[in-house]
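>>> Below: sequence and its predicted model.
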Amino acid sequence: SRQAATEPLPGPDISEAVFDHLSGAIRYRTISYSEDAEPDSAAFNGFHRFLRETFPKVHANLGLEKINRYSLLYTWKGSDSNKKPIILMSHQDVVPVDQPTLADWEAGPFEGKVTATHIIGRGTMDDKGSLMAILESVEMLLAEGFAPKRTFYLAFGHDEEVGGAN
């Protein structure tokens, strides 16, 4: 088969604030140490407050249920209950920093340093980057007045790095 030649579509108008949002998310030390260790409530609850402040439309329009105190399940009700729902998933937790590697970091692992080409910090790629991208997208869609036909669930676990049992 051959790919049909097409004109590229213009990308969405994305605010430069998305870089600051991801940088801010990285500053929360939502570390999972082991299956048995109690999560740092100050870090996770602080991160949840940050999300409420950063994404006001999401929090005004979607339902939010906390599971086992720290996992977040948002529900964006669709208008057609006959359509199967979609779930978008990510996780809030990160692995601990291996202390002997600290000198190798270009910036502190929880600094969220923004450079010309990167945002540096624990969780940028695994997995706060996708968590923030999902929330940024939903916030933008809500600002545009979009209403989904099918229900969307946004599921953000708090213990994926240690197996996700909770």
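On my side now, so go ahead. Residues are numbered from 1 along each chain as shown.

>>> contact partners of stretch 157-164?
Residues outside stretch 157-164 that contact it (C-beta atoms under 8 Å, 6 or more residues apart in numbering) are 30, 32-35, 39, 44, 68, 70-72, 89-95, 127, 165-166. Where you see a C-beta, it was placed from the backbone N, CA and C, and this is true even at glycine.

>>> Check which residues of it are buried.
Neighbour counts using 16 or more other C-beta atoms under 10 Å place 157-162 of stretch 157-164 among the buried residues.

>>> What of stretch 28-40?
Within stretch 28-40, the residues that qualify as buried are 28-32, 39-40, counting by 16+ other C-beta under 10 Å.

>>> now the strands for this protein?
Assigned by DSSP state E, the strands in the chain fall at 63-67, 71-76, 86-91, 113-114, 119-120, 152-157.

>>> will you turn the ones you listed into a markdown table that also has distance to residue 11 and mean pLDDT?
Formatted as a markdown table, these follow (distance: least, C-beta to C-beta, whole Å; pLDDT from 0 to 100):
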| stretch | distance to residue 11 | mean pLDDT |
| --- | --- | --- |
| strand 63-67 | 29 | 98 |
| strand 71-76 | 23 | 98 |
| strand 86-91 | 20 | 98 |
| strand 113-114 | 20 | 95 |
| strand 119-120 | 19 | 94 |
| strand 152-157 | 22 | 98 |
